[in-house]
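S.K.: Give me a model of this one.
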Amino acid sequence: MHHVFVYGTLRKEQTNAHFMQGGRCIADGAWTYGKLFDTNEGYPAMICSNEDKVYGEVYEVNEVVLQKLDELEEYTGNAESDLYDRITETVY
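M.R.: Residues are numbered from 1 along each chain as shown. You can find the predicted model right below:
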């Protein structure tokens, strides 16, 4: 199982929430240090920040759900071409 922090369109009641089906929300009011910005593409992006907080949800997901999320985000593991990085971060 994997823990995934979601802060944008993957949150409950948002446009891509259906991608979280098969996962289990284990924290609704979670937060981590970071800063959101508008991509002007219909979804937010988060950057590292030690001063700001980003609020979201934490899900426990299996490998199948994680693969669906990777497909949605076009994540390949190639830092030069991917739009986001998958990192380990403390979530409160």
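S.K.: Do you have the helices of the chain handy? List them.
M.R.: 63-73 (DSSP state H).
S.K.: Can you show me the strands along this structure?
M.R.: Taking DSSP state E as the test, the strands found in the chain are 2-6, 24-33, 35-38, 44-47, 53-61.
S.K.: tell me which residues of the lowest-mean-pLDDT helix or strand in the chain are tucked away?
M.R.: The weakest-scoring helix or strand in the chain, judged by mean pLDDT, DSSP states H and E, is strand 44-47 (a mean of 90). Of the residues in strand 44-47, Met46 count as buried by neighbour count, 16 or more other Cβ atoms under 10 Å. Every residue, glycine included, has its C-beta placed from N, CA and C.
S.K.: Name the surrounding residues that touch it.
M.R.: Residues outside strand 44-47 that contact it (Cβ atoms under 8 Å, 6 or more residues apart in numbering): 7-8, 34-39, 54, 83-84.
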